[in-house]
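Novice: how would this look folded up:
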Amino acid sequence: MVSRARHLCADAAHIPLRDASVELVFSNLALPWCEDLSGVFAECQRILRPGGLLLFSTLGPATLQELRAAWSTIDNRPHVHVFLDMHDVGDALIRGGFAAPVMERENLRLTYRSVEGLLRDLHGTGAQNSHVDRLRGLTGRVTLEALRGGL
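Specialist: Here you go, the predicted structure:
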């Protein structure tokens, strides 16, 4: 049997597929970086066939709370992305055309031996601080030491 599964990497707000052309849309941790979540969900709704399925994973407001707290001891600048609450994501799903979304929440905790390990993992995901008021330069040794002390 030949698999009909295909993979596509595209802008979530402008997916280059025909209307009602897919049975499944799967997104893993991409939604926190989308500016117009309702628009992304409307685009998913557009390309899904009737009865099609949207599956996604995302991050919630408690994500990186310890890192956010540690940075707050150093300065008042935003250093950690703000993640939406699942109720806000559910509202965006409804605005995007999904009638009765079903969502589940699972809390996972990762523990790091060092700040550098955490920062290395974050860097490896490609995630970055998208705040307008973020610092544009590199984090210096003194700031990193202060961050270590805050964690």
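Novice: could you use CA atoms for every contact and neighbour count after this?
Specialist: Will do.
Novice: G117: what secondary structure?
Specialist: Look at G117: counting by DSSP: H, G, I helix; E, B strand; the rest coil, its state is helix.
Novice: the longest strand in the chain is where?
Specialist: Identified as the longest strand of the chain according to DSSP state E is strand 48-57.
Novice: list the buried residues for that one?
Specialist: Residues of strand 48-57 classed as buried: L48, L54 (neighbour count, 16 or more other Cα atoms under 10 Å).
Novice: what are the contacting residues of that strand?
Specialist: 19-29, 31, 44 (Cα atoms under 8 Å, 6 or more residues apart in numbering).
Novice: that one: what's the following helix or strand?
Specialist: helix 65-72 (DSSP states H and E).
Novice: point out where the chain drops to low pLDDT.
Specialist: For the chain, the stretches flagged by pLDDT under 70 are 1-2, 138, 150-151.
Novice: in it, which residue is closest to the centre?
Specialist: When the chain is reduced to its mean C-alpha position, the closest residue under Cα atoms, centre = their mean turns out to be P32, at 2.6 Å.
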